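*Asks:* Next input, structure requested:
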Amino acid sequence: MSILAQVTAALLVAVAWSAARGEDSPGPPTPGTRESAATLVVYNTNDAASVRLAKYYAQRRGIPEDHVVGLNCGWLEECSREEYDRTIAEPLRKIFDERKWWYAPPEGGPVMDNQIRFIALMRGVPVKIGNTTNYPGDVPETQSALNVNAAAVDSELAVLGFRTRRISGPLKNFYYESAKPFMDAGIAPMMLVCRLDGPTEADVKAMIDGAISAERTGLNGFAYIDLRGVTDGPLAVGDQWLATAAVIMRKYGMPLIWDNSPDVIPTDFPMDHAAFYLGWYAADVSGPMARDDFRFVPGAVAVHIHSFSASAMRVANKTWAGPLVAHGAAATLGNVYEPYLALTTHLDIFTQRLRDGYTFAEAAYAAQPALSWMATFVGDPLYRPFKVVDDPALAGKERPAIEYAAYKAGARAWYEKGPDVGTKQLEGSARELNSGIVWEGLGLLQWSALSFDAALGSFREAEKAYGNTEDALRTVLHQVEILKSQGKLGGARALAAKALARYKGFHGLALLRAAIGLPQPDNG
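*Replies:* Here you go, the predicted model:
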């Protein structure tokens, strides 16, 4: 029997044992203290910032004091397999045994019961485990690219309850594609492990605060999804994930801007109010997110697919996960080593689970096919960016919360009752509020439906409502793009020339010049 088959058979016994206790639920629970009481916070005793962050996070989430534990481990991002076992895995197993947090059968095999369902690793705990050849107890099955025992620390700890030293290659994730809350899934040997990590201690505190703030008021802003225009071949699935995510966010009621060109979103694009971002496939942070002045809205979720997107978490200008956190994202994910696309987190499932009100940890692990592998999930595991039930009392009574709530209601009417009904509702809200957000959102819906003239009209109204701002310039870029796609180059040039004369000092001007073939100004 293969390694995977042996582990799978043992795990199925544990799953059946847990499920027999009658644990079941039709959907995600209402946010409360249930998850907090089942969360373990782990920090590095050799890192003062790690200690502070652990206490801060536990206090903000109401996690019991005895669920905050320190490990005497290295502080470098990468550790060896021996270091992982000696300083992380074995000490945690001992703590679980001593505190009776789980039931581990004396004869061996996966644990049968587990009080800890979520683990939050603090900045300072190693991020990744380097590959080790001929490691004691590890028996690779075949000679293949998957037979490496390198892994993300998070992903390895997720299967701590398997109690196996055979660690080469990926293990099946029994929570993959699940539509149950994890606490009701009956998978005792598994835990959902995320990390609160980033370039600085301040960045991590901002992640914690941003997540909790967004839960209270709603995650308001625009969604930006950056495809590559891949339609066939083995990479097409990546674009399919992102295209599906775009539909999900549109139907949820978040204004959506997407780019279908092979390159990343241009650096000069006015990517303001970014609350949700998905893209691929650049090695290092680029586009608007590489600008010093770029910031996500508090609580934002942002992910860029790349094989090594989280290989350096604690730098602000290399790879992706660290820089996204440095620019204000509260939740991201990535890979510490080559995962191969099929074993990368499936962002369509991830988006749908978030949209349905699951926690960040649940959404991430439900979208991840394999464990003991390369994915790391960076953010508060208990964070719910989108509420199960919209609560107007939590949405705030001031702009722009009112505008986003009005847009969401109109966008949902568009999909549930038809574009005519949705358009009428959105136009009414936009006029009543004089809202550039609602007008632009309506224009984006109309553009997606190929109603070009209607979209142009909505973008013109959005420009007027926004006034002399960078947001207004973004609506001009939309209009120019539509006019060019229709072959109306004269109209595009006239509109761009007028905008270049009006808007000064905003991001987007270089794109506007390029769109109509004008040379860029000489700043030298």
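*Asks:* residues contacting the closest residue to Glu338 other than its chain neighbours?
*Replies:* Spatial nearest neighbour of Glu338, chain neighbours left out: Ser307 (4.8 Å); criterion: C-beta to C-beta, 6 or more residues apart in numbering. Where you see a C-beta, it was placed from the backbone N, CA and C, and this is true even at glycine. Ser307 is in contact with 335, 337-339, counting by C-beta atoms under 8 Å, 6 or more residues apart in numbering.
*Asks:* Weed out the non-buried ones from those residues.
*Replies:* 335, 337, 339 (16 or more other C-beta atoms under 10 Å).
*Asks:* circling back: in what helix or strand does the residue nearest to Glu338 lie?
*Replies:* Per DSSP states H and E: Ser307 is located in neither a helix nor a strand.
*Asks:* Equivalent analysis for Leu40, please.
*Replies:* Short version: Leu40 belongs to strand 39-44, going by DSSP H and E.
*Asks:* That strand pairs with which strands, and in what direction?
*Replies:* strand 68-71 (parallel), strand 118-122 (parallel) (DSSP bridges).
*Asks:* who's in contact with stretch 90-106?
*Replies:* Here stretch 90-106 has contacts from 40, 42, 66, 69, 71-72, 111-116, 157, 160-161, 163, 188, using C-beta under 8 Å, 6+ apart.
*Asks:* Going through those residues, which ones are buried?
*Replies:* 40, 42, 69, 71, 111-114, 116, 157, 160-161, 163, 188.
*Asks:* Can I get these in JSON lines including distance to Phe174?
*Replies:* Listed next are the buried ones among the contacts of stretch 90-106 as JSON lines, based on distance: C-beta to C-beta, whole Å:
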{"residue": "Leu40", "distance to Phe174": "20"}
{"residue": "Val42", "distance to Phe174": "23"}
{"residue": "Val69", "distance to Phe174": "26"}
{"residue": "Leu71", "distance to Phe174": "27"}
{"residue": "Val111", "distance to Phe174": "14"}
{"residue": "Met112", "distance to Phe174": "15"}
{"residue": "Asp113", "distance to Phe174": "16"}
{"residue": "Asn114", "distance to Phe174": "14"}
{"residue": "Ile116", "distance to Phe174": "17"}
{"residue": "Leu157", "distance to Phe174": "16"}
{"residue": "Leu160", "distance to Phe174": "15"}
{"residue": "Gly161", "distance to Phe174": "12"}
{"residue": "Arg163", "distance to Phe174": "16"}
{"residue": "Ala188", "distance to Phe174": "11"}
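*Asks:* Can I get those residues in JSON lines including secondary structure, pLDDT and distance to Arg99?
*Replies:* Formatted as JSON lines, the buried ones among the contacts of stretch 90-106 follow (DSSP: H, G, I helix; E, B strand; the rest coil; pLDDT from 0 to 100; distance: C-beta to C-beta, whole Å):
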{"residue": "Leu40", "secondary structure": "strand", "pLDDT": "98", "distance to Arg99": "10"}
{"residue": "Val42", "secondary structure": "strand", "pLDDT": "98", "distance to Arg99": "14"}
{"residue": "Val69", "secondary structure": "strand", "pLDDT": "98", "distance to Arg99": "9"}
{"residue": "Leu71", "secondary structure": "strand", "pLDDT": "98", "distance to Arg99": "15"}
{"residue": "Val111", "secondary structure": "coil", "pLDDT": "95", "distance to Arg99": "13"}
{"residue": "Met112", "secondary structure": "coil", "pLDDT": "94", "distance to Arg99": "16"}
{"residue": "Asp113", "secondary structure": "strand", "pLDDT": "96", "distance to Arg99": "13"}
{"residue": "Asn114", "secondary structure": "strand", "pLDDT": "97", "distance to Arg99": "12"}
{"residue": "Ile116", "secondary structure": "coil", "pLDDT": "98", "distance to Arg99": "9"}
{"residue": "Leu157", "secondary structure": "helix", "pLDDT": "98", "distance to Arg99": "16"}
{"residue": "Leu160", "secondary structure": "helix", "pLDDT": "96", "distance to Arg99": "14"}
{"residue": "Gly161", "secondary structure": "helix", "pLDDT": "96", "distance to Arg99": "14"}
{"residue": "Arg163", "secondary structure": "coil", "pLDDT": "89", "distance to Arg99": "17"}
{"residue": "Ala188", "secondary structure": "coil", "pLDDT": "96", "distance to Arg99": "16"}
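*Asks:* With respect to Phe506, which of those residues is nearest?
*Replies:* Val42 (44.5 Å; C-beta to C-beta).
*Asks:* thinking the closest one is in contact with Val125, fair?
*Replies:* Yes. Taking contacts as C-beta atoms under 8 Å, Val42 lies within contact range of Val125: 6.1 Å.
*Asks:* got any residues that touch both of these two?
*Replies:* Leu71.
*Asks:* just checking, Leu324 is part of a helix?
*Replies:* Yes. The assignment for Leu324 by DSSP: H, G, I helix; E, B strand; the rest coil puts it in a helix.
*Asks:* any idea how far it lies from Ser309?
*Replies:* Distance of Leu324 to Ser309, computed by C-beta to C-beta, to the nearest Å: 9 Å.
*Asks:* what about Tyr175, which SS state?
*Replies:* Per three-state DSSP, Tyr175 ends up coil.
*Asks:* tally of neighbours for it?
*Replies:* When neighbours are defined as other C-beta atoms under 10 Å, Tyr175 has 19 of them.
*Asks:* go on, Asp232?
*Replies:* 7.
*Asks:* Ok, the one 3 residues further on next?
*Replies:* Leu235: 14 surrounding residues under other C-beta under 10 Å.
*Asks:* how about it, what does it touch?
*Replies:* With C-beta under 8 Å, 6+ apart, Leu235 has these contacts: 228, 341.
*Asks:* Quick one, grab the pLDDT at it.
*Replies:* pLDDT, the model's per-residue confidence, is 91 for Leu235.
*Asks:* And Pro266, by the same measure?
*Replies:* On pLDDT, Pro266 comes in at 96.
*Asks:* Next up, the contacts around it.
*Replies:* Pro266 neighbours (C-beta under 8 Å, 6+ apart): 287-288, 511.
*Asks:* Return the member of those nearest to Asn220.
*Replies:* Using C-beta to C-beta, Pro288 is the member of these that lies nearest Asn220, at 18.9 Å.
*Asks:* Tell me, how many residues neighbour the residue nearest to Thr200 when sequence neighbours are not counted?
*Replies:* Distance criterion C-beta to C-beta, 6+ apart; nearest residue to Thr200, sequence neighbours excluded, is Ala326 at 7.4 Å. Number of residues near Ala326 (other C-beta under 10 Å) recorded here: 22.
*Asks:* so Ala326 sits right up against Lys318, yeah?
*Replies:* No. Taking contacts as C-beta under 8 Å, Ala326 lies outside contact range of Lys318: 10.8 Å.
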